[in-house]
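> got a predicted structure here, sequence first:
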Amino acid sequence: MKNSIRITGGDLKGRKVSFDFKNTIRPTSSKLREVLFNWLQFEIKGCECLDLFAGTGSLGIEAISRGASKLIFIESNKKKFLSLKECISELDLEKKSKVLFKNGLSWINENDLSNFDLIFLDPPFNQNYEKKVLDILDKNKSLKSSCKIYIEFSKFDEIKLPDSFTVHKEKIIGDVKALLLET
């Protein structure tokens, strides 16, 4: 069954991002995307971003729509990867983005992250990915000191942040807790 979400702002406002509805996919709600991009409204223009567990790509696509200059999407599920590549093509975003079929944890362990101004981290819930990624990022010496990390997780989970990160903004909407972290 095909579903879609709408881009909430920027050049692509109102355009749809289609995805196959499955219990394993939980796109960021439009309300939460609006909150996030209100937080980032004066900073997003020209940013290079990483959408680590891309899924539908809604966070990264919204970032491009609102002025981000470059996006790398990482997705390890073949169907979601192919769907995201198709969506990027339909929206004519190939020049500003790259979609990689990779494991997110391995990719951030093996790559230089010094170009990224913003990292979107919205992994599948209840699999402890948030802690694993934050621990990797905490140890990564290439991470830009001004890099911000947006993270979503179940409000029922408690996440212990590494000491190198501070909470800049936070919001709970429904069952989802969102944090904007600074390094």
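Perfect, thanks for sending it.
> what is the least confident helix or strand in the protein?
None of the helices or strands of the chain scores lower by mean pLDDT, DSSP states H and E than strand 16-20, at a mean of 68.
> was I right to think L180 contacts K169?
Yes: with contact defined as C-beta atoms under 8 Å, L180 reaches K169; the gap is 4.2 Å. C-beta here means a position set from N, CA and C on the backbone, and glycine is covered the same way.
> please enumerate the shared neighbours of those two.
Residues touching both L180 and K169 by C-beta atoms under 8 Å, 6 or more residues apart in numbering: W39.
> show the average pLDDT along stretch 82-89.
For stretch 82-89, mean pLDDT rounds to 91.
> give the other helices and strands that the longest helix along the chain contacts.
Using DSSP state H to define each element, the chain has its longest helix at helix 78-90. Secondary-structure packing of helix 78-90 (3 or more C-beta pairs under 8 Å, 6 or more residues apart in numbering; DSSP states H and E): strand 16-20, strand 70-75, strand 97-101.
> pick the most deeply packed of those.
Mean neighbours per residue, mean count of other C-beta atoms under 10 Å, is largest over the helices and strands packed on helix 78-90 for strand 70-75, with a mean of 24.
> hey, C-alpha coordinates of that strand in PDB?
The C-alpha trace of strand 70-75 is given here as PDB (Å, rounded to 0.1, in the frame of the first residue of the first chain):
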ATOM      1  CA  LYS A  70      24.100  18.900   0.000                       C
ATOM      2  CA  LEU A  71      22.600  15.800   1.500                       C
ATOM      3  CA  ILE A  72      23.900  12.300   1.800                       C
ATOM      4  CA  PHE A  73      21.200   9.700   2.500                       C
ATOM      5  CA  ILE A  74      22.200   6.300   4.000                       C
ATOM      6  CA  GLU A  75      19.700   3.500   3.900                       C
END
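> look up how far D163 lies from the residue nearest the centre of the chain.
Nearest to the geometric centre of the chain sits F120, at 2.8 Å (C-alpha atoms, centre = their mean). Distance, F120 to D163, using C-beta to C-beta, to the nearest Å: 22 Å.
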